[in-house]
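Visitor: I would like to see how this sequence folds:
(one chain, ligands or ions: 2)
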Amino acid sequence: MKAMILKAISAFAQNPAPLVPAELSEPVPGEGEILIAVSACGVCHTELDEIEGRTPPPAFPVIPGHQVVGTVAARGPQAGRFRIGERVGVGWIHSACEACDACRAGNENLCAEFRATGRDVNGGYAEFMTVPEAFAYAIPGLFSDGEAAPLLCAGAIGWRSLRLSGLKDGGSLGLTGFGASAHLVLLTVRHRFPRAQVFVFARSERERAFARDLGAAWTGTTDEAPPEKLQSVIDTTPAWKPVVEALKHLAPGGRLVINAIRKEEGDKTELLRLDYPSHLWMEKEIKSVANVSRNDIREFLELAAEIPLRPTVEEYPLAEANRALADLAAGKLRGAKVLRIA
Ligand SMILES: [Zn+2]
Ligand SMILES: [Zn+2]
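Guide: Numbers count the residues shown, from 1 in each chain. Ligands and ions are numbered 1, 2, ... in the order given. Below is the predicted model:
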């Protein structure tokens, strides 16, 4: 099968083609696993974090990709949940132990044995992949393969962040950064909490205009202050300055949710500006978001079908995965990037 593989960590700026094409043998599904013929795989910022070593794969080479849509091509022993040919999706969670306290409490995203698709095990930048059938999802019929792919990561993690923010109808929510995840959060808020107001902080006027088109009550740059203090803020940027600014804009008792797997080091000195009275006092909280659970993905797929929420998608052939990553890194084009594989 054809795949795009990562062989080592490197800086994207120095090595703009970190993934190399490879011809590999088709994986064989083990006990309880299914083999998926991949048709589309979303391209995520986390791939850049893997390539540059902020969340390094434990072994090389590895096939990245964790927003996978395809059809069941074969079933391993004891696998019978899906029919051959049935359409399924796979997200960031490839498996967890299903037995520890975190798993039993429904927080399998916090399991010590959490294994990530496309980092700890091979993912969807390939014609085939395997996954335990218990960690695959039926895809609602109204979505095309390309539309469904970004729902599996950006959408599901956005949904988890939104739940952790504690937003209620009529409340206020800030979003710092307005990429794939934040734009799905805004659309979800409008459906789920129609009286809530969303305030968007984004660098470019194009992103701010996009946010206003989608119903943001206010938009501004990271340096601007919103017209009111906010009950919660979700940060989806790779930087530190938006974190410090967001804390300043929180209302008493407000919560900042940081939805980023790793932060870049570039502007870390911004943290030295932290001022206890204005940024932290009054019982302000900071909570990070780690991974996703199966429930986040299931709930979000249902919600997305109900809204219905159809992401804007830009498709690339598998062989041009490096170009898709470069466009993502450069913040080019709006909407989600998806590799079209079959
Ligand atoms: Zn992702
Ligand atoms: Zn566990």
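
Visitor: Tell me the residues of the stretch 1-150 of the chain that contact ligand 1?
Guide: C44, T46 (C-beta under 5 Å from the ion). Quick note: C-beta positions are derived from backbone N, CA and C, even for glycine.

Visitor: So which bits of the stretch 1-150 of the chain are right by ligand 2?
Guide: Going by C-beta under 5 Å from the ion, the residues of the stretch 1-150 of the chain near ligand 2 are A96, C97, C100, C103, C111.

Visitor: Turn those residues into JSON lines, including secondary structure.
Guide: JSON lines is the format used below for these (DSSP: H, G, I helix; E, B strand; the rest coil):
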{"residue": "A96", "secondary structure": "coil"}
{"residue": "C97", "secondary structure": "coil"}
{"residue": "C100", "secondary structure": "coil"}
{"residue": "C103", "secondary structure": "helix"}
{"residue": "C111", "secondary structure": "coil"}
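
Visitor: Buried only: go through those residues for me.
Guide: With burial judged by 16 or more other C-beta atoms under 10 Å, the buried subset of these is A96, C103, C111.

Visitor: How about the last one: what's its closest non-neighbour residue?
Guide: Beyond its immediate neighbours in the sequence, the residue positioned closest to C111 (C-beta to C-beta, 6 or more residues apart in numbering) is A96, lying 3.9 Å away.

Visitor: ok, that neighbour touching R115?
Guide: Yes. Counting by C-beta atoms under 8 Å, R115 is a contact partner of A96 at 7.3 Å.

Visitor: that older thread, contacting residues around the residue nearest to C111?
Guide: C103, E108, N109, C111, E113, F114, R115 (C-beta atoms under 8 Å, 6 or more residues apart in numbering).

Visitor: any idea how far the residue nearest the centre of the chain is from ligand 1?
Guide: Residue closest to the average C-alpha location in the chain (C-alpha atoms, centre = their mean): A154, at 3.1 Å. Distance of A154 to ligand 1, computed by C-beta to the ion, to the nearest Å: 6 Å.

Visitor: Contacts only, for that residue.
Guide: G42, C44, Q67, G179, A180, S181, L184, P311, A336.

Visitor: and the third one, what does it touch?
Guide: Translated: Q67. Contacts of Q67 by C-beta under 8 Å, 6+ apart are 41-44, 89, 91, 124, 149-154, 338.

Visitor: switch to 10 Å and redo it
Guide: By C-beta atoms under 10 Å, 6 or more residues apart in numbering, the contact set of Q67 is 40-44, 46, 89-92, 117-118, 123-124, 148-156, 180, 336-339.

Visitor: Where do the strands of the stretch 51-200 of the chain begin and end?
Guide: 68-75, 87-90, 93-95, 115-116, 128-132, 137-138, 172-176, 197-201 (DSSP state E, counting those that start in this stretch).

Visitor: Now mean neighbour count and mean pLDDT too, for those strands, in a markdown table please.
Guide: A markdown table is the format used below for those (neighbours: other C-beta atoms under 10 Å; pLDDT from 0 to 100):
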| stretch | mean neighbour count | mean pLDDT |
| --- | --- | --- |
| strand 68-75 | 23 | 98 |
| strand 87-90 | 24 | 98 |
| strand 93-95 | 22 | 98 |
| strand 115-116 | 20 | 98 |
| strand 128-132 | 25 | 98 |
| strand 137-138 | 17 | 98 |
| strand 172-176 | 26 | 98 |
| strand 197-201 | 25 | 98 |
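
Visitor: Quick check: longest strand in the chain by residues?
Guide: Longest strand in the chain, counting residues (DSSP state E): strand 33-43.

Visitor: Looking at the stretch 151-300 of the chain, what residue ends up closest to ligand 1?
Guide: Ligand 1 sits closest to C153 of the stretch 151-300 of the chain, with a gap of 3.3 Å, by C-beta to the ion.

Visitor: Pretty sure P77 sits against P29.
Guide: Yes. Using C-beta atoms under 10 Å, P77 makes contact with P29 at a distance of 8.5 Å.

Visitor: Between the two, which is the more surrounded one?
Guide: P29 (23 against 10; other C-beta atoms under 10 Å).

Visitor: For the more buried one, grab phi and psi.
Guide: When read as degrees, to the nearest 10, the backbone of P29 gives phi -70, psi 130.

Visitor: Would you mind measuring from the closest residue to F300 other than its chain neighbours to L151?
Guide: Distances taken as C-beta to C-beta, 6+ apart put W159 closest to F300, at 4.1 Å, once the chain neighbours are dropped. Distance, W159 to L151, by C-beta to C-beta, to the nearest Å: 9 Å.

Visitor: Next: E31.
Guide: Taken as C-beta to C-beta, the span from E31 to L151 is 29 Å.

Visitor: Which one of these two is surrounded by more residues?
Guide: Neighbour count, other C-beta under 10 Å: between E31 and L151, L151 has more, with 31 against 9.

Visitor: List the residues that contact the residue nearest to the more buried one when sequence neighbours are not counted.
Guide: Spatial nearest neighbour of L151, excluding adjacent residues (C-beta to C-beta, 6+ apart): A304 at 5.1 Å. Residues near A304 by C-beta under 10 Å, 6+ apart: 140, 142-143, 147-148, 150-151, 155-156, 159, 184, 187-188, 191, 310-311.
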